[in-house]
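S.K.: need coordinates for the below:
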Amino acid sequence: MHCELLVPALFPTREPAREALAALRLPALELLLARGRAAGAEPQAPERWLVEAFSGDDSGEDAPLAAGALTVLADGGEPGDEAWLRADPVHLQLGREGPALVPSTAFEVTREEAEALCEALNRHFAGALTFYPLVPARWCARLTDEFAAPAESPLQLAGEDVNQRFAAEPAARRWHALLTEIQMALHEHPVNAERERRGAPALNSLWLWGAGRAPREAAGPWQSVCADEPLALGMARLAGVARRALPAAAEEWLARAPEDGRHLLVLDALRAAHALDDAEAYAARLRTLEARWFAPLLAALRAGRVGMITLHVPDAADARSFETVGGDLRRIWRRAQALGRYA
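M.R.: All right, here's what the predicted structure looks like:
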C-alpha cells in the first residue's frame, strides 16, 4: 500500500510557528524526512495542489479553482452547471495599516447565527446571489452571473489588509463593490449587535473566493481519500474515488484500509494555528500529529503493512515531497535532524 500525506504548514513560513518548530523534536517524522527521497516542487496553496492532482490531464495548473462548487459537492449537494463561490464569514479588524482579515477559524460561529445572516443576505441580494450556510463557518453562494474573485482562501490571507492586496486588480472591481455592499448589510444586523455585546468578533464581512463552475470530470490517482478539507472530498466525489472524513488516528485508518492501492490522507490540523500566528497551538497540534499519525505510520512501514509513505508539503517556501519505502529505513547514515532545518 502507498500512503500519501498532504500536510499543509508543516514547514511554516510565519515566524511564530518557525520559532515553535525550532524547539520541537519529533522522532518519527524526522526519520521519515531524513531517510526518504526528497523531490522539489513549485510552491502552491494546498487547494491548488489538490485541483492539479485531480485534473486528469495537463490543464490542472490553468484550471479555475472552483472552491464553491467543489464544496457543494463535498457536502452532498449538486452544483449543476451553475457558478458558485465560497462566501466564508470573516471579521475585518481595524488597525493602523487598514482592515486585517481574521478567518472564522479564530472564533465560533453558531448554526443560528449563520442561518440568520444568510437569510438577511438572501433578502438583500434576491435574484443575484443565494447564500447557503453549509456549515456555520463555511458558506457558499450561487451566482446568476460569473465574475472574477480571488483564488486565495481566508487562511492564506489571515492578518492581511485585503483591500490593499487586491486593489490593483481591475477585474475585481465588481467583487470589491459586492464586498462593500455585503459589509453594509451585515453592519447593523442583530446577530452582530449581540456578538459585540458579549465581546465576540462581529461577522462584519464575507470572503468571496474560488468562483466558478464544477469541473466536468476528474481523474484522481488514489483509490481513497480521507480528509476534512472540502476541496479534497469534492474532487474525490467527482472522480468517483472512495472518500470519508479523516479518522482520529492512523490505527483507525489502517484497520479499515485495504492491503494495497494508493491512498491520500489530508492532515490539515496545522494550517489554522499557523495562519493565526498561534505558536502554542501550532506546537501542540504538531505533537498530536506525531503521536497519532507519523509514529503509527512509521511502525506500519517497518512492519510491512504500508509499503511506501509520501509526505507532500506544497505550501512551503521550499516546497517538497518525501518518499520513503521500508528499505530506506536502513539508510542509517542519513541521520534525523530537527524539523527547523526544513523550514
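S.K.: from here on, just use CA atoms for contacts and neighbour counts.
M.R.: Noted.
S.K.: any weak-confidence spans in this structure?
M.R.: Applying pLDDT under 70 to the chain picks out residues 56-63, 164-171.
S.K.: OK, contacts around residue 220?
M.R.: Going by Cα atoms under 8 Å, 6 or more residues apart in numbering, residue 220 touches 53-56, 235-236, 239, 241.
S.K.: show me which strand runs longest in the protein.
M.R.: strand 83-95 (DSSP state E).
S.K.: can you give me the strands for the chain?
M.R.: Counting by DSSP E, the strands of the chain are 2-6, 37-40, 83-95, 98-103, 129-135, 138-143, 205-212, 224-226, 242-244, 262-266, 308-313, 320-325.
S.K.: out of these, which gets nearest to residue 273?
M.R.: Nearest to residue 273 among those is strand 98-103 (11.1 Å), distances taken as Cα to Cα.
S.K.: could I get the full set of helices for the chain?
M.R.: 15-22, 27-35, 46-53, 67-74, 111-124, 162-166, 173-187, 190-197, 230-239, 250-256, 271-275, 279-289, 295-303 (DSSP state H).
S.K.: highest average neighbour count across those?
M.R.: Mean neighbours per residue, mean count of other Cα atoms under 10 Å, is largest over the helices of the chain for helix 67-74, with a mean of 28.
S.K.: contacts for it?
M.R.: Helix 67-74 is contacted from outside by 78-79, 83-87, 134, 140-141, 209-214, 230-235, 237-238, using Cα under 8 Å, 6+ apart.
S.K.: mind running it again at 7 Å?
M.R.: Helix 67-74 has contacts (Cα atoms under 7 Å, 6 or more residues apart in numbering) with 78-79, 84-86, 140, 210-214, 230-231, 233-235.
S.K.: chain center to that helix, what's the gap?
M.R.: How far helix 67-74 lies from its chain's middle: 13 Å, per Cα atoms, centre = their mean, to the nearest Å.
S.K.: check stretch 16-36 too.
M.R.: How far stretch 16-36 lies from its chain's middle: 21 Å, per Cα atoms, centre = their mean.
S.K.: kindly report the same for stretch 265-275.
M.R.: 7 Å.
S.K.: ends of it, what's the gap?
M.R.: Using Cα to Cα, to the nearest Å, the end-to-end distance of stretch 265-275 comes out at 21 Å.
S.K.: can I assume residue 242 is in contact with residue 222?
M.R.: No - under the criterion of Cα atoms under 7 Å, residue 242 is not in contact with residue 222, lying 8.7 Å apart.
S.K.: who has more neighbours out of those two?
M.R.: Taking other Cα atoms under 10 Å, residue 242 and residue 222 do not tie; residue 222 has more neighbours (19 against 14).
S.K.: so how far is residue 155 from that one?
M.R.: Taking Cα to Cα, one finds residue 222 at 26 Å from residue 155.
S.K.: domains in this structure, by residue range?
M.R.: 2-63+216-341, 67-212 (automatic domain parsing).
S.K.: list the contacts of residue 5.
M.R.: Applying Cα under 7 Å, 6+ apart to residue 5 gives the contacts 264-267, 310-312.
S.K.: as TSV, those with distance to residue 251 and neighbour count would be great.
M.R.: Formatted as TSV, the contacts of residue 5 follow (distance: Cα to Cα, whole Å; neighbours: other Cα atoms under 10 Å):
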residue	distance to residue 251	neighbour count
264	15	22
265	13	23
266	16	22
267	15	20
310	18	21
311	18	23
312	21	24
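S.K.: from these, pick the one nearest residue 37.
M.R.: Lowest distance from residue 37 to the contacts of residue 5 (Cα to Cα) belongs to residue 310, with 9.2 Å.
S.K.: I figured that closest one hits residue 322, correct?
M.R.: Yes - with contact defined as Cα under 7 Å, residue 310 counts as touching residue 322 (5.4 Å).
S.K.: quick check: the gap between the closest residue to residue 183 other than its chain neighbours and residue 303.
M.R.: Distances taken as Cα to Cα, 6 or more residues apart in numbering place residue 205 nearest to residue 183, at 5.0 Å, with adjacent residues excluded. With the distance defined as Cα to Cα, residue 205 ends up 51 Å from residue 303.
S.K.: quick one on the thing from earlier: alpha carbons only: can I get the longest strand of the chain in CSV?
M.R.: Provided in CSV are the C-alpha atoms of strand 83-95 (Å, rounded to 0.1, in the frame of the first residue of the first chain):
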residue,chain,number,x,y,z
ALA,A,83,-21.5,29.2,-11.0
TRP,A,84,-20.7,29.1,-7.3
LEU,A,85,-18.2,30.7,-4.9
ARG,A,86,-17.1,30.3,-1.3
ALA,A,87,-18.5,33.0,0.9
ASP,A,88,-16.9,32.4,4.2
PRO,A,89,-17.8,34.7,7.2
VAL,A,90,-14.8,36.7,8.5
HIS,A,91,-14.0,39.5,10.8
LEU,A,92,-12.3,42.6,9.5
GLN,A,93,-10.2,44.0,12.3
LEU,A,94,-9.3,47.7,12.0
GLY,A,95,-5.6,48.5,12.5
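S.K.: now residue 7: closest residue in space, sequence neighbours ignored.
M.R.: Closest residue in space to residue 7, ignoring its immediate chain neighbours: residue 267 at 5.1 Å, by Cα to Cα, 6+ apart.
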